[in-house]
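>>> Sequence plus predicted model, see below.
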Amino acid sequence: MDFQRPTFREVRRALKTLESIPRPDGDNEGDPINGETVLPHLSPEHQDQVHAASELINRYVRTFDGQPDVRSLNTLRRNGVPASLHQSQDDPFRLVGRVGDWERSLDVSDPGGAESIDD
């Protein structure tokens, strides 16, 4: 399988798309838009947009073997986009992280686990 790295411009566009998605009512402030307290309550069209953005951004912040891409993470931060992806405190074989601001962040963590991505 060919590993196609997205460009920063594509990532910026994907994050911009998320800004137009209305958050559902409820206690979900600060939760990632692709998290279980937000995503299931979005329209199918908005869910598709979130899935596409999440997939693209996950490819951007990881190397071909799934490790954090330090250069990409630094590029995001230098351009004003909060970004983190690091080893979990509870599980050294799991990466946890977020990309985006408090209101429109995406969880870029490895699947599984119920810990906070703010470790």
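The structure has been received and is ready for your questions.

>>> And the strands in the chain, which stretches?
83-87, 95-99, 106-107 (DSSP state E).

>>> so what secondary structure elements neighbour the second one?
The one in question is strand 95-99. In terms of contacts (3 or more C-beta pairs under 8 Å, 6 or more residues apart in numbering; DSSP states H and E), strand 95-99 is packed against strand 83-87, strand 106-107. Heads up, the C-betas are built off the backbone N, CA and C, glycines and all.

>>> Dump it to CSV, keeping only the CA atoms.
C-alpha atoms of strand 95-99 as CSV (Å, rounded to 0.1, in the frame of the first residue of the first chain):
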residue,chain,number,x,y,z
LEU,A,95,-0.1,6.9,21.3
VAL,A,96,-2.5,9.6,22.4
GLY,A,97,-3.0,13.1,21.0
ARG,A,98,-5.1,15.9,19.6
VAL,A,99,-5.0,18.3,16.7
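
>>> What pairs with that strand, parallel or antiparallel?
When sheet partners are counted by DSSP bridges, strand 95-99 sits next to strand 83-87 (antiparallel), strand 106-107 (antiparallel).

>>> from the middle of its chain, how far away would the last one be?
With C-alpha atoms, centre = their mean, to the nearest Å as the basis, strand 106-107 stands 3 Å off its chain's centre.

>>> Need the residues that contact that strand.
18, 32-35, 50, 53-54, 57, 97-100, 117 (C-beta atoms under 8 Å, 6 or more residues apart in numbering).

>>> Equivalent analysis for stretch 81-88, please.
Contacts to stretch 81-88, defined as C-beta under 8 Å, 6+ apart, come from residues 12, 15, 61-62, 68, 73, 76-77, 94-102, 105, 108-109, 113, 115, 119.

>>> try stretch 7-27
Residues from elsewhere that reach stretch 7-27 (C-beta under 8 Å, 6+ apart): 29, 33, 37-38, 41-42, 46, 49-50, 52-53, 56-57, 60, 72, 75-76, 79, 81, 99-100, 103-104, 106.

>>> What subset of these is buried?
The neighbour-count test (16 or more other C-beta atoms under 10 Å) marks 33, 37-38, 42, 46, 49-50, 53, 56-57, 60, 72, 75-76, 81, 99-100, 104, 106 as buried among the contacts of stretch 7-27.
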